[in-house]
Each structure stands twice: as C-alpha cells, then as structure tokens.
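1. build me a model from this:
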Amino acid sequence: MAFTPDDLIPCLAEELKAHATIWVGFSGGLDSTVLLVAVFRLLGTHQAAERLRALHINHGLSPRAEQWQRHCEGLCQSLGIKWVSEQLKLPPKSGASLEDLARKARYEVYRRHLQTGDCLLLGHHQDDQVETLLYRLLRGAGPRGLAAIPPRRKLGRGTLIRPLLPFPRRDIETFARAEKLSWIEDESNLDPAFDRNFLRHEIFPRLEQRWPGFRKTWQRSAELCREADVLLQQLAARDFSQVATRFPERLNIRALEVLPEINQRNLLRFWLDEFCATSDIPAPDHRTLKRILSEVVGAAADAAPVVSWSGEGGRVQVRRYGAELYILKAGAAAPQAVFVWDLKAPLDMGAGLGCLRLQKVSAGGFRLESIDSIRVAFRKGGEKAKPSGRKTRPLKKILQDYRIPPWLRDKLPLCYVGDELLAVADLFICDPWRCESGDELWRIVWERPAG
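-> Below is the predicted model:
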C-alpha cells in the first residue's frame, strides 16, 4: 500500500493536536523531504506557518554542502515554512570517526533548539531500521542494541520521534515521485567502503530476492528486543535496590554476589550504562563486563584490582575497595590548587574536586566566631591530624582507619584556619575546634564529585 501523509496520524496524533513547535530535521534528502511535506499537509498552511520548523544542519563535509543548503531553503520558502540552518565546525583530527563526531554535534544542535513540549521528527525509515539491526548483530549487540532505532524517546527538553519507521524506502520514494518532489542525493550514500552502504547495496537486494518480506519480520524482531530490554531494565532496577549504597558510584559487593551471575551482569550493565551516558564514554562491552565480575568483584577483599576502558570523554575505572565496588573517571595527578573560602557562599572547587558548604548543626560542630576564612588545600604527604577525642597521628593512617579508598585520599579537601587543620572534608573536625554542644555550631559538607 502506498504511503500517504495520513499514515502519520496514529504516530503523531498528540503532537498534531498540541500547540508546541514541531521541528523536522531537514537534510534535503528523500526521507526528510517527504517527512517535511507530509507534516506540512497534515497541519495545513496556517498551522504549519505557526508551528512547523525545518532545521537544516550543514556538516560542511561535502563540496556540495552549500548547494544542498540553498535547495532546502528554497523548498521551505516555497511552502512558507520557517527555516533554521546551523553550520557545524568539526575538528579536523580526532580519535573518533568523522561520522560519530558529526552525529554527536548534530544532536547537540537538536537539543539546543528543542523547548519544553517541542518535538523533533527525523526521517529514518524501515530500511534504516533493518540496516541498523544487522549492523549491530554483526557487532555482537544484545537486546538493547538489537532493538535498533527507537521510534520515540526523550531528547533534551523535548521528544524525538521517527514517524517513518514503519514504511520501506520504496513506498516513501513512490510518494515523492507521485508528488513530483525534488530531493538531494548524497554521493557518499553510494560508496560501498561504508559498512551501511555495503549492506544497503550488496546484501539487502539479495536477501529481498530470497525473502521479500524480511524487512517486516526483522522490524518485528527489533520490537521484541525492545520489549525484552524494557524487562531487563526493570529487573536490573529491582536488583539495584538490593545492592545500592548511599553513594551512586558504589555497590555493595556482598549483596551483589548473592545474585545469580546472569543477574550480576545485567545489573552491572544497568549501573555502568548510566554512568557512561553522563560521562561521554561508551558503555563496556560483554568481555569487559565479564572481566569486572571475575577480576574485580571476584578479587580478594584486600586486593586492589582495576578494569578500565576509555572513550572521548576520558577513561573509566571499576575498582574494588573492601566490600564495595567503585566506578570512577580516571583522575589526573593529585590537585595542587589552594583555595581561600570566605564562607559567604559555597566553594565550588571545579571539576573533579566537588563543592564545600556550611551546614548548621546542634552538636558536633565548630564555631565561626574567630574564623574569617578557611584555606582549602590537598595532601602533599606528611600531614598529621587529631580527630576530636583521639591522639595525633599521620593523616595517611587516619584515612586508612576511615576506609577512604587510596585513589580518593589525595582529593580530600583539607580545611585550615591559618596553619591549623580545622577539618578533613566532612570526615571529621579536629581538636580543639570541635564542640559537642552549644549555639551556632557548624559543620562542613563536601558535595563530592561524581566518581
């Protein structure tokens, strides 16, 4: 059955009724051209002029990029659709592939433009879906990867929707030719050196000769994988509640070891995915997960094992200390900074060091009467401290007693009044500053950096 704009109504019913802006990612190619025209028809001329926006991103990678931009602008002007164009400035050299860099930059543009309640429509179709499925299968993906392209998800303050996913490219092209639409053909889409192009031009035509309906059945498999992944996430969230600590970057190893091994892997994947998503680092693969279980979780309590992997955002480490599993970004050398805190506002020490603030307490605090400012520094070695009620000892030994992991000890903010140590982060207040009771007592709270 041929594609028509009305076919989009079930997918976009709520968005069409709403009053928020509808953005269409508009490259000028076949898919985005059909999507833009179809949504324009559904909204009608008046609503489209008010609510529809075409967002064109000029990647600057093709010698025809400026020509494509003019083509897109011309179509929008002819339809009376508001037009926005952004020029990407991609770094000339990077460890990541140019395709990955372009995609990341493109989605940053999308996020910047979407306001609360807005939606962004992209023109991925059924052929894109099955290409993604096979490509990820070749890379050994699990249910989440094999779910392929999600039809709808949150993006920034808005929602990303792909309403053409149920339709094969040939139906979309049939509509475009019947409507005498013109579109851009990107010459790079013909280059078999790209894996996706090889699948598209060499593999799928042969599959279609033997199994004409494979696109629909593969799409159904992707949907089933998406359902399976939802259930795995729910299971992981339930298990996580059993092993979580008060710090999101730590897990209780003893509680983790009670779970079956398959649940352990599922839980670790859940925990690590969330950390990596906010750190711009790829989630660990299956082999790395197995190494974490065998080399870190399975290590002796007094060992210091570490498994690490990296991405553009840096390097991630999973470590064990005592009965807890830690995830952290691999840090640089011990900080050399010294801060003067005037106590009028929290002290933000920057990335990787966290923030200090004061909290009023009724007991076990210090008085501010004779303190105008606090000097904040970090360990250099040889420091001594006297926690209230204890004898003076090397700070290194005290931190061992407090079970502070070795990699965190040099990042603990040391708070001085003059040359006298007042407190070590929010671990303890030193003698003679600590007061067990009294009015106007305060303590230092250290809002720790992630990891």
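2. now for the longest helix anywhere in the chain, which elements pack on it?
-> Secondary structure of the chain per DSSP state H: the longest helix is helix 214-243. If you count contacts as 3 or more Cβ pairs under 8 Å, 6 or more residues apart in numbering; DSSP states H and E, helix 214-243 packs onto helix 126-138, helix 143-146, helix 253-258, helix 261-279. Every C-beta, even on glycine, is put in place using the N, C-alpha and C of the backbone.
3. host element of residue 84?
-> For residue 84, the enclosing helix or strand under DSSP states H and E is strand 82-87.
4. distance of the residue most central in space within the chain from residue 99?
-> With distances taken as Cα atoms, centre = their mean, residue 277 lies nearest the centre of the chain, 2.7 Å away. Noted for residue 277: a distance of 20 Å to residue 99, by Cβ to Cβ, to the nearest Å.
5. residue ranges with poor pLDDT in this protein?
-> 1, 91-97, 313, 331-334, 351, 450-451 (pLDDT under 70).
6. hang on, the earlier thing: can you mark which positions in the strand holding residue 84 are buried?
-> 82-83, 86 (16 or more other Cβ atoms under 10 Å).
7. tell me how far the longest helix of the chain lies from the chain's centre.
-> Its chain's average C-alpha position is 19 Å from that of helix 214-243, according to Cα atoms, centre = their mean, to the nearest Å.
8. so which bits of that helix are buried?
-> In helix 214-243, counting by 16+ other Cβ under 10 Å, buried: 215, 218-219, 221-222, 225-226, 229, 232-233, 236, 239-240, 243.
9. same thing with stretch 173-192?
-> The neighbour-count check on stretch 173-192 (16+ other Cβ under 10 Å) flags 173, 175-176, 183-184 as buried.
10. just the closest of these to residue 345, please.
-> residue 184 (53.1 Å; Cβ to Cβ).
11. run through the residues that contact that closest one.
-> 27-29, 64, 68, 71 (Cβ atoms under 8 Å, 6 or more residues apart in numbering).
12. how about the secondary structure of it?
-> Residue 184 carries the three-state label coil when classified by DSSP: H, G, I helix; E, B strand; the rest coil.
13. again, but for residue 251
-> Residue 251 - assigned by three-state DSSP - is strand.
14. so it touches residue 239, yeah?
-> No: assessed by Cβ atoms under 8 Å, residue 251 is found out of contact with residue 239, at 10.3 Å.
15. near residue 424, how many other residues are there?
-> Counted with other Cβ atoms under 10 Å, residues neighbouring residue 424 total 25.
16. what about residue 305, distance to residue 265?
-> From residue 305 to residue 265 the distance is 17 Å (Cβ to Cβ).
17. on that earlier part again, out of the contacts of residue 184, which are inside strands?
-> Applying DSSP state E to these, no entry is found in strands.
18. quick revisit: pull the distance from the strand holding residue 84 to the chain's centre.
-> On Cα atoms, centre = their mean, the centre of strand 82-87 falls 26 Å from that of its chain.
19. pipe the buried residues of stretch 173-192 into JSON lines and attach distance to residue 300 per row.
-> What follows is the buried residues of stretch 173-192, written out as JSON lines (distance: Cβ to Cβ, whole Å):
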{"residue": "173", "distance to residue 300": "62"}
{"residue": "175", "distance to residue 300": "65"}
{"residue": "176", "distance to residue 300": "65"}
{"residue": "183", "distance to residue 300": "63"}
{"residue": "184", "distance to residue 300": "61"}
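20. need the max-distance pair from these.
-> Most distant of the buried residues of stretch 173-192, by Cβ to Cβ, are 175 and 184, 16.7 Å apart.
21. wait, a strand at residue 316?
-> Yes: the assignment for residue 316 by three-state DSSP puts it in a strand.
22. find the nearest non-adjacent residue to it, please.
-> Nearest residue to residue 316, sequence neighbours excluded (Cβ to Cβ, 6 or more residues apart in numbering): residue 281, at 5.3 Å.
23. what's the burial count for residue 246?
-> So residue 246, with other Cβ under 10 Å, has 5 neighbours.
24. just say helix, strand or coil for it.
-> coil.
25. how near is it to residue 435?
-> When residue 246 is compared with residue 435 (using Cβ to Cβ), they lie 26 Å apart.
26. I'd assumed residue 367 was in contact with residue 438.
-> Yes: judged on Cβ under 8 Å, residue 438 makes contact with residue 367 at a distance of 7.2 Å.
27. give me the more crowded residue out of the two.
-> Counting neighbours by other Cβ under 10 Å for residue 438 and for residue 367 shows that residue 367 has the greater number, 14 against 11.
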